[in-house]
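Student: Here is my input; please provide its structure:
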Amino acid sequence: MMSDKSAASQSEIRDLVARLADFSSRGRARTRLVMIGLDATDALVNALKCPLEGVAWAAARTLGDIKAEAAIEALNVAAADPRLKTVAAEAIASITGGDAPSLQAPAAAGAARIADEDFASILTTENMDVAKAASGYACNVRLPGGRRQKVDVLLSIKDPDGSPLVALYTECGPASPDRYEWALKTNLKIPFGAFAVRPTSEGPRFVMVDAYLRQGLTAHQLTKAIESLARRADSLEESLTGEDTK
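Tutor: Next up is the predicted model:
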């Protein structure tokens, strides 16, 4: 069982859990909650019931990271929710030392220990081809129906504290002002990643972006994040254009 790493008041813990609802502060809030450790268990268990998928997803992932044995029953309940099935099962596996679904041993290495030049071989799967790009790697994700989505993995970005990040970026299609409010509301619902608008010579375009602290991130987690981001971006692209730009 993981011991508490950093003393914190219940007020701080409640504030951190509340920040899980904001995609822009979710990563840093999770990092601090993991540092706090088991003292955050009760608040995170309560957050599993939050109707916002992003909050419940982050709570499950954090409970697994802090190895909160007292949360196993609540995680089993959460696993009955199709939206949380995978992350809850992975959290339980992390706590108990069992195997998470589809988790292969070679993919479990932390990204902080992976050399930049090794990302291509580690991330390549039967559904994803990976090639070196100027600022990282370009992942060509194969999707149902013969569709494809390119997700860029950027390795040169750091957070405001100077900690290395693994950032994801993919384009979705033209952005019209009548969809901006929809995109902002959707950002509060999705468990990871966020819609943004990028100006281009052809006009504004919707993109999806995501970022993870490189320290402690596993190749398995990164692969799943890339595939999930690709599915969401491709769905938006299809609804916007009816095409597949690959």
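
Student: quick one: the most centrally placed residue in the chain from residue 43, how far?
Tutor: The chain has residue 192 as the residue nearest its centroid, 4.4 Å off, counting by CA atoms, centre = their mean. Residue 192 sits 20 Å away from residue 43, taking CB to CB, to the nearest Å as the criterion. All C-beta atoms are positioned from the backbone trio N, CA, C, and that covers glycine.

Student: give me the number of residues near residue 81?
Tutor: Burial measure for residue 81: 15 neighbouring residues, criterion other CB atoms under 10 Å.

Student: whoops, residue 177 was the one
Tutor: 8.

Student: low-confidence ranges in the chain?
Tutor: Using pLDDT under 70 as the threshold, the predicted model of the chain has low-confidence ranges 1-7, 98-115, 161, 216, 242-246.

Student: Show me where it has its helices.
Tutor: When assigned using DSSP state H, the helices of the chain occupy the ranges 10-18, 23-36, 41-47, 53-65, 72-78, 85-96, 119-123, 180-187, 219-241.

Student: Of the ones you listed, which stretch is the most buried?
Tutor: Sort those by mean neighbour count, taking mean count of other CB atoms under 10 Å, and helix 53-65 sits at the top with a mean of 25.

Student: Taking helix 10-18 as reference, get the angle to that helix.
Tutor: In terms of direction (axes from the mean of the first three to the mean of the last three CA atoms, to 10 degrees), helix 53-65 departs from helix 10-18 by 120 degrees.

Student: got the angle between helix 53-65 and helix 180-187?
Tutor: Interaxial angle of helix 53-65 relative to helix 180-187 (the same axes, to 10 degrees): 30 degrees.

Student: Please save the CA atoms from helix 53-65 in CSV.
Tutor: Presented in CSV, the C-alpha positions along helix 53-65 are these (Å, rounded to 0.1, in the frame of the first residue of the first chain):
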residue,chain,number,x,y,z
GLU,A,53,-17.0,11.8,-17.4
GLY,A,54,-13.7,13.7,-17.2
VAL,A,55,-13.9,13.9,-13.5
ALA,A,56,-14.8,10.3,-12.9
TRP,A,57,-12.1,9.1,-15.3
ALA,A,58,-9.4,11.2,-13.6
ALA,A,59,-10.6,10.0,-10.1
ALA,A,60,-10.3,6.4,-11.2
ARG,A,61,-6.9,6.8,-12.7
THR,A,62,-5.7,8.7,-9.6
LEU,A,63,-7.0,6.0,-7.2
GLY,A,64,-5.0,3.5,-9.2
ASP,A,65,-1.9,5.6,-9.1
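
Student: can you list the domains in the protein?
Tutor: The record's domain parsing of the chain by automatic domain parsing lists 10-96, 105-241.

Student: Compute the first-to-last residue distance for the first one.
Tutor: Going back to what we said before, that points to domain 10-96. Taking CA to CA, to the nearest Å as the measure, domain 10-96 stretches 26 Å from start to finish.

Student: circling back: mind listing what the residue nearest to the centre of the chain touches?
Tutor: Residue 192 makes contact with 23, 26, 54, 57, 210, 225, 228, 229 under the criterion CB atoms under 8 Å, 6 or more residues apart in numbering.

Student: Let's see that with 7 Å instead.
Tutor: Residue 192 makes contact with 210, 225 under the criterion CB atoms under 7 Å, 6 or more residues apart in numbering.

Student: and if you look at residue 213?
Tutor: 27, 31, 163, 165.
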